[in-house]
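[1] sharing a model prediction with you, sequence too.
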Amino acid sequence: MTELKPAYERPLLVRHESGLMNKYARVQALEPLQAIDGVPVSTLLETYGSPLFVFSEKTLRERYRGLHDALARRWPRVRIAWSYKTNYLDGICRVFHDEGAWAEVVSEMEYDKAVANGVDPSHIHFNGPYKPPAALKKAFAGGAMVHLDHFDEMLRAESAADELGLRPGVAIRLNLAAEGVPPWSRFGFNLESGQAMDAVRRLLAGGKLELVGLHCHLGTFLLDPAAYHVAAKKLAGFANQLRSELGIRLEFIDLGGGFASHNTLKAQYLPAAQATPSFERYADAIAEGLAELDAPPRERPVLVVEDGRALVDDAGSLITTVHASKRLPDGRRALVLDAGVNVLFTSFWYRHDVVPTRPIAGLPEPTVLYGPLCMNIDVVRDQLLLPPVEVGEPLVLRNTGAYNVTQWMQFITYRPAVVLIGKNGQHALLRKRETLETLKEREVIPPWL
Ligand SMILES: Cc1ncc(COP(=O)(O)O)c(C=O)c1O
């Protein structure tokens, strides 16, 4: 009988959190967050109820300017296309468009939303693997930049262009290998295998579309800027090849999104404050890679990025209220909150930062945070150290601005209100709390019932 080899298990370092002394000092007391941009959490809860998503306009603008400036200091022409799927609440999108962002969309619905937000269609980058013929026609007619994902789409794009009597500029999406990043090879044309070059030759042979851009979105929450150096260098090398062999001069090179926010992944050892690279480091990595381009300075393509979470995550907080406190059989304290994984999808990946709204005396103890759902998966944090918080008091889950208000589910409870805090402490709704009417509005009772 052949002996079965034991399966390899990747080691995982987990920070030991005792709640008491560690080797350096006493565990740091949690810094309470009494107000967001000067507005007391208590005022927000009294006005809009709990749970509540709150966004800081100041942080949205600061993050956008931080990213833009870091890139613009290193590359002559820069464009940020705001990734709609990360948070397509109109009010949030409008803040970024007001700062100068174009839109990056991945569906006809997002395209329509961007146009309704006043974005000129020619300022839209249209990505994604699913663009039906009607969506392609709409995008070409408006002058949007379509990023081709596969050969079938190229054929459909050619037909759409033909029907409109246009010869639109398009980009092709590439996937490539960058050390340390799991390849997202399901999107776009592979660079290393030669498929990307085949796609370009096929596009040129068709004679109906013009290649004006290259795109590569490596992945998401990439903590190592070196991956962008590799991607930028490979795209620059490919652009050089297109220029020398086929005479193609590109208008833009799009490095996608994926920069990390100040969140902490579950398997991450260092906390975000130490692990999240600055925009400067990402920008350095990209600019160094793009420096390989063989193009005279005035012909250098525009550098496009499509960041989502790095722009919006830090600006969002979820305020929740402790509904109950109980003991689990293993002795751990468990808190039941009024917000769960139905509205905080990202708690499946992140150890969200949870802070009280007042200084609390007393030793922190290991605590598990559950949401309100009658479902075993509804765990907001499986382990964190919290001081003795009381039933009825609020907790703030920070850096929850990305992907939650788009990926949340209407499940078991109503989805909460979302609020924006503007200048001088003004605040207003971005989205109303759902009610029974919200649900009933879409439901229909068959006539025989
Ligand atoms: C094509 C594309 N661009 C940009 C983004 C935004 O990514 P992130 O939020 O990680 O910056 C995504 C998200 O997956 C994407 O698919």
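    Arrived safely.
[2] contacts, neighbours, all on C-alpha from now
    Fine.
[3] could you list every helix and strand that the helix or strand that contains Glu104 packs against?
    Using DSSP states H and E, Glu104 falls within strand 102-105. Contacts defined by 3 or more Cα pairs under 8 Å, 6 or more residues apart in numbering; DSSP states H and E place strand 102-105 against strand 78-83, helix 108-116, strand 124-126.
[4] will you turn the ones you listed into CSV that also has distance to the ligand, mean neighbour count and mean pLDDT?
    Shown next, in CSV, are these (distance: least, Cα to the nearest ligand atom, whole Å; neighbours: other Cα atoms under 10 Å; pLDDT from 0 to 100):
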stretch, distance to the ligand, mean neighbour count, mean pLDDT
strand 78-83, 5, 24, 98
helix 108-116, 13, 18, 98
strand 124-126, 9, 25, 99
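[5] just the strands in the stretch 101-250 of the chain please.
    102-105, 124-126, 145-148, 169-175, 189-190, 210-215 (DSSP state E, counting those that start in this stretch).
[6] can you name every helix or strand that the fifth one contacts?
    With contacts taken as 3+ Cα pairs under 8 Å, 6+ apart, strand 189-190 sits against strand 169-175, helix 195-206.
[7] low pLDDT regions in the chain?
    Under the criterion pLDDT under 70, the flagged ranges of the chain are 1-3, 9-29.
[8] tell me which residues touch Lys113, please.
    Lys113 sits next to 88, 90 when contact means Cα atoms under 8 Å, 6 or more residues apart in numbering.
[9] separation between it and Leu420?
    Shown here: Lys113 relative to Leu420, a distance of 19 Å by Cα to Cα, to the nearest Å.
[10] likewise for Asp353?
    Note on Asp353: its distance to Leu420, by Cα to Cα, is 20 Å.
[11] more neighbours, these two?
    Ranked by neighbour count (other Cα atoms under 10 Å), Asp353 and Leu420 place Leu420 first, with 21 against 18.
[12] that one belongs to a strand, doesn't it?
    Yes: according to DSSP: H, G, I helix; E, B strand; the rest coil, Leu420 belongs to a strand.
[13] that one against Gly401, yeah?
    No: using Cα atoms under 8 Å, Leu420 is not in contact with Gly401, being 11.4 Å away.
[14] hang on, the earlier thing: okay if I get the helices and strands packed on strand 102-105 as a markdown table plus distance to Ala227?
    As requested, the helices and strands packed on strand 102-105 are arranged in a markdown table below (distance: least, Cα to Cα, whole Å):
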| stretch | distance to Ala227 |
| --- | --- |
| strand 78-83 | 19 |
| helix 108-116 | 28 |
| strand 124-126 | 23 |
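[15] tell me which of those lies nearest to Pro366.
    strand 78-83 (36.8 Å; Cα to Cα).
[16] give me the helices and strands touching the closest one, please.
    helix 57-72, strand 102-105, strand 302-305.
[17] and the angle from it to helix 108-116?
    120 degrees (axes from the mean of the first three to the mean of the last three Cα atoms, to 10 degrees).
[18] for strand 78-83, which strands pair with it and how are they oriented?
    Partners of strand 78-83 in the sheet, by DSSP bridges, are strand 102-105 (parallel), strand 302-305 (parallel).
[19] the inter-axis angle of it versus helix 57-72?
    140 degrees.
[20] take strand 78-83, keep the C-alpha atoms, and write them as PDB.
    Below are the C-alpha coordinates for strand 78-83, written out as PDB (Å, rounded to 0.1, in the frame of the first residue of the first chain):
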ATOM      1  CA  VAL A  78      -2.400  61.300 -14.700                       C
ATOM      2  CA  ARG A  79      -6.100  60.300 -14.600                       C
ATOM      3  CA  ILE A  80      -8.000  58.700 -11.700                       C
ATOM      4  CA  ALA A  81     -11.100  56.700 -12.900                       C
ATOM      5  CA  TRP A  82     -13.200  56.200  -9.800                       C
ATOM      6  CA  SER A  83     -14.200  52.500  -9.400                       C
END
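[21] distance between that strand and the chain's centre?
    Here strand 78-83 is found 13 Å from its chain centre; the criterion is Cα atoms, centre = their mean, to the nearest Å.
[22] just stretch 325-335 next, same as before
    Computed by Cα atoms, centre = their mean, the chain-centroid distance of stretch 325-335 equals 33 Å.
[23] now swap in stretch 418-437 and tell me
    Computed by Cα atoms, centre = their mean, the chain-centroid distance of stretch 418-437 equals 21 Å.
[24] may I see the buried residues of it?
    Within stretch 418-437, the residues scored as buried using 16 or more other Cα atoms under 10 Å are 418-421, 427, 430-431, 433.
[25] contacts for that stretch next, please.
    In contact with stretch 418-437 (Cα under 8 Å, 6+ apart) are residues 37-39, 52-58, 89-91, 414-417.
[26] now do the contacts for Ala417.
    Contacts of Ala417 (Cα under 8 Å, 6+ apart): 48-49, 51-53, 429-434.
[27] from these, which land in helices?
    Tyr48 (DSSP state H).
[28] in CSV, list the contacts of Ala417 along with distance to the ligand.
    Listed next are these as CSV, based on distance: Cα to the nearest ligand atom, whole Å:
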residue, distance to the ligand
Tyr48, 28
Gly49, 28
Pro51, 24
Leu52, 22
Phe53, 18
Leu429, 24
Leu430, 20
Arg431, 21
Lys432, 24
Arg433, 25
Glu434, 26
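[29] around the ligand, which positions in the stretch 151-300 of the chain sit nearby?
    Residues of the stretch 151-300 of the chain found near the ligand (Cα under 6 Å from any ligand atom) are 217, 220-221, 256-259.
[30] domain assignment for this structure?
    Per automatic domain parsing, the structural domains of the chain span 35-55+316-442, 127-307.
[31] among the ones you listed, which comes closest to Phe96?
    Phe96 sits nearest to domain 127-307 of all the domains of the chain, at 11.4 Å, using Cα to Cα.
[32] ok, Leu436 to Asn404 distance?
    21 Å.
[33] buried ones in stretch 159-168?
    Those would be 159-161, 168, for stretch 159-168 by 16+ other Cα under 10 Å.
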